[in-house]
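**Student:** Dropping a prediction and its sequence here:
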2 protein chains.
Amino acid sequence: MAFDFDPLFPAGTPAPAARWTGLAPFNFTGGNNDPDAIPLDGLMAAAQSVLAREGRTLSTYGLNSGPQGYRPLRDFLSAKLGRDAGMACTADDILIVSGSLQALDLVNAALLTRGDTVIVEQDNYQGTLTRLARLGVNAVGIPLDRDGMRMDLLAAALADLKARGVRPKFIYTIPTVQNPTGTILTLERRREMLRLADDYKVPIVEDDCYADLIWSGERPPALYAMSASGNVIHIGSFSKSIAPALRVGFVVAPWPVMSRMLALKTDAGSGSLEQMVLAEYCAPHFADHVPGLRMALRKKLETLMEALNEQFGTAAEFDDPKGGIFLWVKLPDTVDAQRLYQAALKRGVAINPGPDWSTDAGHSKSRMRLCFASPSHQEIRDGVAILAQVCRDEFGVPSRSGNVDKRVRD
Amino acid sequence: MAFDFDPLFPAGTPAPAARWTGLAPFNFTGGNNDPDAIPLDGLMAAAQSVLAREGRTLSTYGLNSGPQGYRPLRDFLSAKLGRDAGMACTADDILIVSGSLQALDLVNAALLTRGDTVIVEQDNYQGTLTRLARLGVNAVGIPLDRDGMRMDLLAAALADLKARGVRPKFIYTIPTVQNPTGTILTLERRREMLRLADDYKVPIVEDDCYADLIWSGERPPALYAMSASGNVIHIGSFSKSIAPALRVGFVVAPWPVMSRMLALKTDAGSGSLEQMVLAEYCAPHFADHVPGLRMALRKKLETLMEALNEQFGTAAEFDDPKGGIFLWVKLPDTVDAQRLYQAALKRGVAINPGPDWSTDAGHSKSRMRLCFASPSHQEIRDGVAILAQVCRDEFGVPSRSGNVDKRVRD
């Protein structure tokens, strides 16, 4: 008789996962990237040269670089963050982690406990919202406009919380190519956020994962760079700029936070082969690689926006984002994005329904996030056509039929 | 003024880490491996071939293999575990993780809550003991003899706990090259442990990280393989057989446990480049690689045992282990291993003091664990000579001076 594990599981652990059944044929979800934009030859050459030179250090945990990660990768990052984001930080301020998700887990573990309050952008990265919910942390969402988080509403929320005796543990923000809205927080608002953070003694967690993917190549300085008081924890990743499957991210943090994250990082270091290959590749090639990637992504975004205009007409509203890999789309109020998600998935199209990406169920009910980096141009066109047909079948919108039937594969 | 994070840290989080200051010149700690035994040419060739063939899948989280890890690596493992350990498991039963440490964290998170009880071998892996202590879990240690955990004492402990109304959450064991004792649980005791586990409805967590490193090359079947009821969770790693810095381990578990670990694994997959390179290398080469590694390790063990005999004489007692990378040494009762550790570290020699590796402070007070895979033969000889001199200076043993002074570098 099979052993019964059920009585052993403690209360309060997350629901068990379902078995994986593969990716949808038309997959507009997840931070997957453009396969053609992977710098494969460069990574292969880097693997050969770094392994030939230093491969035997794989016999030692952490490659003799200690628990903060491979030293040459931290050196590259400190130079890159200085050049691109205006940040003055050294290798000692940087912790290499297993993707920015581990960074979020470590920051949360270092600072949060059940019942705490955190301030976030109202429309936000699902992985952050689910993490906070699991931890029993109250996420206060601040609405955004085209310039990112609204500072008047942040000021009001901080004042309101203070009046109620609540000191939020941090402000979590994606200021540069916000997920899912694609907005960039203006320089003026960055100054205002830092001022408010200092006034209320609330640190900022800056998730900067998409900052390399601004079409213009020009980004505002990081909040970390602009902070006079050192109240910013900065998170970044190579997932969007090189390849997500590598699972290499990083945190830049003041030592009081760094030393606690190190105590909580119980995995004896992140994957060294990947750190070695990235350092070897990125030091000479990163700056040359990224513009081509941006161009490829921008072209896919244009294909997506054209397809939406063609298939949904005025029923799909969106702003042209300044960078990134996703588009945040508003559908007519009659559309229930969760139902649309379920119906589309049965037809092979995966989307992110808005309510998973927002603290405000009403605001996000008819919204969806579409990721465009991974599918091919043809898959984008075909997937959006199917999605429009599903939406019409379920909700009667978009009303015009266009040339949908002709283009759909099924 | 610098921002003050201190008021924000919740109570009960681990103490902050100290800054890393490098490895000791004579380092007998940690699961580091023999640099000369890394199959570097093979790994380099594997990196080239697998990247050339499949590198573009790095653009997708999990390489299109889903959340359990790169499918070819799981296929290799299912074949290897069947051949070497007698285990009947498929790729669907295997989860690739970031080293066996992540496996321990996931198993613990799935099954444990504060106040729980777990049964362990009395002398045990420090990382397991510190994890349980952090979680507020009571670790009941069962003494070992030369055949591994004593089943009479396990039976007594289970009966005693049951009489007190305590159902332990699991028995954590390293049955095959136990850490730190180097013992191998006999076939008969394996049967007895499984019988007791079934009788008391307590599952077993089998940590099999060192099982590839038995000098004879012959191992008993895994507990997982011998279980009729499916009450065993099996953990393994490539750290000891290929390279620790890779951070690739695995768990084989029944679906009720697997599905919960998947829900708790929030890092969007472990490093893919390493999984790809390992699968590509191991499928054709693993079985040919390991015998050479074993021979290199055995030679280092012999150097260590010779050095201990020469420098400590009868003051150092130990059994010749049947495999692995560590030696568990008993010094005279007058020696306080914690003090020895502190004094030796000042002289550049790092050891693991027994009390960190045991649930019984009295039993382990004068014991130490010495890891021999990473230092060179000369470093082993020189380090043991310094250690003997430090021990003599601090505790008056070993009493004879031998030819210590002549051989010590300093």
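**Tutor:** Arrived safely.

**Student:** Provide the partner residues of residue A:121 in its beta bridges.
**Tutor:** Following DSSP bridges, residue A:121 is listed with bridge partners residue A:142.

**Student:** Tell me how many other residues crowd it.
**Tutor:** When neighbours are counted by other C-beta atoms under 10 Å in any protein chain shown, residue A:121 registers 30. Where you see a C-beta, it was placed from the backbone N, CA and C, and this is true even at glycine.

**Student:** And it, how far from residue A:193?
**Tutor:** Distance of residue A:121 to residue A:193, computed by C-beta to C-beta, to the nearest Å: 11 Å.

**Student:** so what sits against both of those two?
**Tutor:** A:149, A:173 (C-beta atoms under 8 Å, 6 or more residues apart in numbering or on different chains).

**Student:** Distance check, the closest residue to residue A:311 other than its chain neighbours against chain B.
**Tutor:** The spatial neighbour of residue A:311 that comes closest, neighbours along the chain excluded (C-beta to C-beta, 6 or more residues apart in numbering or on different chains), is residue A:388 at 3.7 Å. In this structure, residue A:388 and chain B are 25 Å apart, going by C-beta to the nearest C-beta, to the nearest Å.

**Student:** Checking my notes, residue A:388 in a helix, right?
**Tutor:** Yes - assessed with DSSP: H, G, I helix; E, B strand; the rest coil, residue A:388 lies in a helix.

**Student:** how about the CA coordinates for stretch A:288-297, as CSV?
**Tutor:** Taking C-alpha atoms only, stretch A:288-297 is exported to CSV below (Å, rounded to 0.1, in the frame of the first residue of the first chain):
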residue,chain,number,x,y,z
ASP,A,288,27.6,45.6,-28.4
HIS,A,289,25.1,42.9,-27.9
VAL,A,290,22.2,44.8,-26.4
PRO,A,291,21.4,47.3,-29.3
GLY,A,292,20.7,44.3,-31.6
LEU,A,293,18.5,42.7,-29.0
ARG,A,294,16.5,45.9,-28.5
MET,A,295,16.0,46.2,-32.2
ALA,A,296,14.7,42.7,-32.5
LEU,A,297,12.3,43.2,-29.6
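
**Student:** could you check whether that stretch is close to chain B?
**Tutor:** No - figure legend: stretch A:288-297 not in contact with chain B (C-beta under 8 Å from any C-beta of the partner chain); closest approach 10.6 Å.

**Student:** what about the strands in the stretch 301-410 of chain A?
**Tutor:** A:326-330, A:349-350, A:352-353, A:367-371 (DSSP state E, counting those that start in this stretch).

**Student:** Same question for chain A.
**Tutor:** In chain A, the strands defined using DSSP state E lie at A:26-27, A:94-97, A:117-121, A:138-142, A:144-145, A:148-149, A:171-173, A:204-207, A:232-237, A:249-252, A:326-330, A:349-350, A:352-353, A:367-371.

**Student:** before we move on, the earlier item: just the strands of the stretch 301-410 of chain A: most buried one?
**Tutor:** Comparing the strands of the stretch 301-410 of chain A by mean neighbour count (mean count of other C-beta atoms under 10 Å in any protein chain shown), strand A:367-371 comes out on top with a mean of 26.

**Student:** Neighbouring strands - and their directions - for it?
**Tutor:** Strand A:367-371 has the following strand partners under DSSP bridges: strand A:326-330 (antiparallel), strand A:352-353 (antiparallel).

**Student:** what would those strands look like in JSON lines with mean pLDDT?
**Tutor:** Formatted as JSON lines, the strands paired with strand A:367-371 follow (pLDDT from 0 to 100):
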{"stretch": "strand A:326-330", "mean pLDDT": "98"}
{"stretch": "strand A:352-353", "mean pLDDT": "98"}
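
**Student:** Turn those into a markdown table, including distance to residue A:28.
**Tutor:** Formatted as a markdown table, those follow (distance: least, C-beta to C-beta, whole Å):
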| stretch | distance to residue A:28 |
| --- | --- |
| strand A:326-330 | 9 |
| strand A:352-353 | 7 |
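
**Student:** closest to residue A:205 out of these?
**Tutor:** Between residue A:205 and the strands paired with strand A:367-371, the tightest spacing by C-beta to C-beta is seen for strand A:326-330, at 20.3 Å.

**Student:** what comes into contact with that closest one?
**Tutor:** For strand A:326-330, contacts defined as C-beta under 8 Å, 6+ apart pick out A:123, A:179-182, A:301, A:304-305, A:308, A:316-319, A:321, A:366-372.

**Student:** what about chain A, any weak spots by pLDDT?
**Tutor:** Low-confidence segments of chain A (pLDDT under 70): A:1, A:400-410.

**Student:** what's the longest helix seen in it packed up against?
**Tutor:** Assignment by DSSP state H gives helix A:272-312 as the longest helix of chain A. For helix A:272-312, the packing partners by 3 or more C-beta pairs under 8 Å, 6 or more residues apart in numbering or on different chains; DSSP states H and E come out as helix A:40-54, helix A:71-85, strand A:326-330, helix A:377-395, helix B:272-312.

**Student:** Go through those and pick out the most buried.
**Tutor:** strand A:326-330 (a mean of 24).

**Student:** Report the inter-axis angle for that strand versus helix A:272-312.
**Tutor:** 30 degrees (axes from the mean of the first three to the mean of the last three C-alpha atoms, to 10 degrees).

**Student:** and the angle from strand A:326-330 to helix A:377-395?
**Tutor:** Orientation check (the same axes, to 10 degrees): strand A:326-330 against helix A:377-395 gives 20 degrees.

**Student:** Return strand A:326-330 as CSV; C-alpha atoms alone will do.
**Tutor:** What follows is strand A:326-330, C-alpha atoms only, in CSV (Å, rounded to 0.1, in the frame of the first residue of the first chain):
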residue,chain,number,x,y,z
PHE,A,326,5.4,43.1,-22.7
LEU,A,327,2.4,45.1,-23.6
TRP,A,328,-0.4,46.0,-21.2
VAL,A,329,-3.7,46.0,-23.1
LYS,A,330,-7.1,47.3,-22.0
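
**Student:** and the stretch 101-250 of chain A, which of its residues are near chain B?
**Tutor:** So the stretch 101-250 of chain A meets chain B at A:101-102, A:105, A:109-113, A:116, A:127, A:131, A:169-170, A:198, A:201, A:203, A:227, A:229-231, A:243-248 (C-beta under 8 Å from any C-beta).

**Student:** Identify those among those residues that sit within helices.
**Tutor:** Per DSSP H, these map to helices at A:101, A:102, A:105, A:109, A:110, A:111, A:127, A:131, A:198.

**Student:** now the residues you listed in TSV, with distance to residue B:237 and neighbour count?
**Tutor:** Output for those, formatted as TSV (distance: C-beta to C-beta, whole Å; neighbours: other C-beta atoms under 10 Å in any protein chain shown):
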residue	distance to residue B:237	neighbour count
A:101	22	22
A:102	19	26
A:105	22	21
A:109	24	18
A:110	27	27
A:111	31	23
A:127	27	18
A:131	27	21
A:198	46	17
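
**Student:** What is the nearest of those to residue B:286?
**Tutor:** For those, the nearest to residue B:286 is residue A:102 (28.4 Å; C-beta to C-beta).

**Student:** count of residues packed around the residue nearest to the closest one when sequence neighbours are not counted?
**Tutor:** Among residues not flanking residue A:102 along the chain, residue B:267 sits closest, at 5.3 Å (C-beta to C-beta, 6+ apart). Other residues near residue B:267 number 22, with proximity taken as other C-beta under 10 Å.
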